[in-house]
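1. Here you go, sequence then predicted model.
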Amino acid sequence: MHVNGKVALVTGAAQGIGRAFVQALLEEGAKVALVDRNLEAGEESKAALDEQFEAQRTLFIQCDVTDQEQLQGAFKKTIERFGRLDVVVNNAGVNNEKDWESTIQINLTSVIRGTYIGLEYMRKGNGGVIINISSLAGLMPAAHQPVYCATKHGIIGFTRSIAPIANCQRSVNDH
């Protein structure tokens, strides 16, 4: 997929893999909304990216992806700023076995919610691409990380299950 001129929303975008996605999308000409709960890291990432790319091509939105209203708001702000949405990267994730309920909310529930919100907006526009990030822990057991592993398995199962439905609904709406 060519992303030049496209608009992307990336969760967990301030650091790590999410930040790498943002960098790659910007290098290919996209406009990107960086969505992250870490205000300091998000502002630092945006400032660094603004030095390298045009400032108007990035938007930082502080958001707790486990909060449905905040996540909906992040999508809305992205479209208000850039006028469209073409790519969603559901990347936000944690590995905290002690706070397993939060791990499920961040790693799995927010991916499902982000996918459904993204589909809703993309159906109104020209379609798009949704990328749900898992890990190798989604393909094999991890004895010391059962909840993390379960969430990553869940992402793979959800994504494989929703893909044919999303494609079918899009093609029905396109005709």
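-> Happy to help now that I have it.

2. alpha carbons only for contacts and neighbour counts from here, please
-> Noted.

3. For this structure, which helix extends over the most residues?
-> In terms of residue count, the longest helix belonging to the chain (DSSP state H) is helix 146-174.

4. Centre of the chain to that one, how far?
-> Distance of helix 146-174 from its chain centroid, counting by CA atoms, centre = their mean, to the nearest Å, is 14 Å.

5. Mind giving me the packing neighbours of it?
-> helix 100-104, helix 110-124 (3 or more CA pairs under 8 Å, 6 or more residues apart in numbering; DSSP states H and E).

6. Name the stretch among these that sits most buried.
-> Neighbour counts (mean count of other CA atoms under 10 Å) averaged over each of the helices and strands packed on helix 146-174 peak at helix 110-124, with a mean of 19.

7. So which residues make contact with that one?
-> 65-66, 68, 71-72, 75, 85-86, 88, 90-91, 127-128, 130, 132, 155, 158, 166, 170, 173 (CA atoms under 8 Å, 6 or more residues apart in numbering).

8. State the pLDDT value of the residue most central in space within the chain.
-> When CA atoms, centre = their mean is applied to the chain, the residue found nearest the centroid is residue 90 (2.5 Å). Confidence at residue 90, expressed as pLDDT, is 98.

9. and it, backbone torsions?
-> Per-residue torsions, residue 90: phi -80, psi 90 (degrees, to the nearest 10).

10. Share the number of residues neighbouring the closest residue to it other than its chain neighbours, please.
-> Nearest residue to residue 90, sequence neighbours excluded (CA to CA, 6 or more residues apart in numbering): residue 132, at 4.8 Å. Using other CA atoms under 10 Å, residue 132 has 20 other residues around it.
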